[in-house]
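> structural data only, the sequence is not supplied:
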């Protein structure tokens, strides 16, 4: 997502490859923030630094080549011949938009794995390679009266770049031209958001697995594009942590995705864990709250981090516990026991309970009742 271009990237700056696709974690020194007009959001320091890292690089650069109306959704497609917003092996990219009855917007970043070399991208194929439209389950079940997002305007960013919406490179893997154009794909989704909903009262950025990891980049691009809009982040199973001992794949991602220039230079803790971008952001953006959902021994992320269940749990709880301490009332976890993966697109979003607190009630408190929003770890 973000990076310090002035020094050699640490292996810990990379993003893990995930099979399916949250958080905004902490870094560095406090910065004073300038007041913004409009909604009274104080995020000018974040906007300036994020712009300096290049988050506006592709905003407003590419228009859709065709538009398809499909019931409640409008689908925007982008010409792969332009080699801008494009899927991993050159297929057409897609963003889908739903107009709700609210003036609040949900930007959902789809999950679907990751890849960073010939083996992972073209032999094992550990990432989605083509774009598709939204489903109708979980938080996209717009007919469910219990859904807190049912009346939201929605932008659905399909995932197919292999680089968790952060890559900015075209790579040759043993003769196969491969497009890690995640930042450009994210940018056209932000363009669709601005074009359809230019003045939302609030933006919620959510993503699952690879899309959870992408909420870091999603925040960066959205904050630059909408400097006066309050932003909340719901990271579903993409906690931004990394195994320091799994260095070979980390270095391949740094080299082949070319994403590290997007990490702000003032994020001094990011050499330790990418997750600490949350603190960096909350220090500079007084509207930001971040919710992190994760099973404590998530087997998908644990597999890609080369960690067994207990080792993954120890790392997850340690890093995210520090972020809770650094951001009281502005970062909280919902962490059931177990090894499953993701929740936002499933029925368990409406039924799961941990320590007597339902996930649905916890989400509603996150959105609208922050004084009653608590850290929940099973």
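Right, received. Where do you want to start? From a predicted model like this one, the values you see are computed outputs, not experimental measurements.
> hmm, which helix or strand of this structure has the shakiest average pLDDT?
Every helix and strand of the chain was ranked by mean pLDDT, DSSP states H and E. The lowest is helix 247-257, at a mean of 88.
> what packs against it?
Under the contact criterion of 3 or more CB pairs under 8 Å, 6 or more residues apart in numbering; DSSP states H and E, helix 247-257 touches strand 169-173. Where C-beta positions appear, they are placed from N, C-alpha and C, glycine not excepted.
> what distance do you get for the most centrally placed residue in the chain to residue 205?
Computing the C-alpha centroid of the chain and ranking residues by CA atoms, centre = their mean puts residue 215 first, at 1.7 Å. Separation of residue 215 from residue 205 (CB to CB, to the nearest Å) stands at 5 Å.
> got any residues that touch both of those two?
Common contact partners of residue 215 and residue 205 (CB atoms under 8 Å, 6 or more residues apart in numbering): 109, 233-234.
> tell me the pLDDT at residue 244?
At residue 244, the model reports a pLDDT of 82.
> wait, a helix at it?
No. Judged by DSSP: H, G, I helix; E, B strand; the rest coil, residue 244 forms no part of a helix; its state is coil.
> what is the neighbour count of it?
12 (other CB atoms under 10 Å).
> next: residue 310.
11.
> now swap in the one 10 residues further on and tell me
Using other CB under 10 Å, residue 320 is surrounded by 26 other residues.
> three-state assignment of it?
Per three-state DSSP, residue 320 ends up helix.
> go on, residue 233?
Here residue 233 takes the strand state, with states given by three-state DSSP.
> and the pLDDT at it?
pLDDT recorded at residue 233 is 98.
> the residue nearest to it when sequence neighbours are not counted sits in which helix or strand?
Closest residue in space to residue 233, ignoring its immediate chain neighbours: residue 290 at 4.5 Å, by CB to CB, 6 or more residues apart in numbering. Assigned by DSSP states H and E, residue 290 belongs to strand 289-293.
> packing partners for that strand?
Using 3+ CB pairs under 8 Å, 6+ apart: strand 289-293 touches strand 231-236, helix 277-284, strand 331-335, helix 359-368.
> highest mean neighbour count out of the ones you listed?
strand 231-236 (a mean of 28; mean count of other CB atoms under 10 Å).
> so what strands line up beside that strand?
Paired neighbours of strand 231-236 in the sheet (DSSP bridges): strand 202-208 (parallel), strand 289-293 (parallel).
> residues in contact with that strand?
Outside strand 231-236, the residues touching it (CB under 8 Å, 6+ apart) are 22-24, 202-209, 211-212, 215, 218-219, 222-223, 285, 287-294, 342-344, 363, 366-367.
> residue 354: neighbour count?
With other CB under 10 Å as criterion, residue 354 counts 16.
> was I right to think it contacts residue 374?
No. Residue 354 is not in contact with residue 374 according to CB atoms under 8 Å; the separation is 10.9 Å.
> the strands in the stretch 51-200 of the chain, which residues?
With DSSP state E, counting those that start in this stretch as the criterion, the stretch 51-200 of the chain has strands at 66-70, 73-78, 93-98, 104-109, 153-157, 169-173, 176-180.
> now the helix or strand that contains residue 300: average pLDDT?
Element membership for residue 300, per DSSP H and E: helix 299-304. Average pLDDT, helix 299-304: 91.
> quick one: residues contacting the nearest residue to residue 104 once chain neighbours are set aside.
Once flanking residues are discounted, residue 104 sits nearest to residue 202: 4.7 Å by CB to CB, 6+ apart. Going by CB under 8 Å, 6+ apart, residue 202 touches 104-105, 229-232.
> just these now: which is nearest residue 274?
residue 231 (18.9 Å; CB to CB).
> quickly note the distance from that closest one to residue 182.
20 Å.
> could you do residue 294 as well?
22 Å.
> residue 353 contacts residue 359, correct?
Yes. Under the criterion of CB under 8 Å, residue 353 makes contact with residue 359 at 7.2 Å.
> who touches both of these two?
In contact with both residue 353 and residue 359: no residue, using CB under 8 Å, 6+ apart.
> and the closest residue to residue 230 other than its chain neighbours, what pLDDT?
In space, and not counting its chain neighbours, residue 230 is closest to residue 287: 3.8 Å by CB to CB, 6+ apart. pLDDT, residue 287: 95.
> residue 287 contacts residue 228, correct?
No. Look at residue 287 against residue 228 with CB under 8 Å: they stay out of range, at 9.4 Å.
> more crowded one of the two?
residue 287 (21 against 15).
> ok, now which ones touch that one?
39, 41-43, 229-232.
> ok so, going back, what packs against the helix holding residue 300?
Using 3+ CB pairs under 8 Å, 6+ apart: helix 299-304 touches helix 309-326.
> quick check: mean pLDDT of the helix it packs on?
Rounded mean pLDDT across helix 309-326 is 98.
> also stretch 104-121?
pLDDT averaged over stretch 104-121 gives 96.
> many thanks, I have nothing further to ask.
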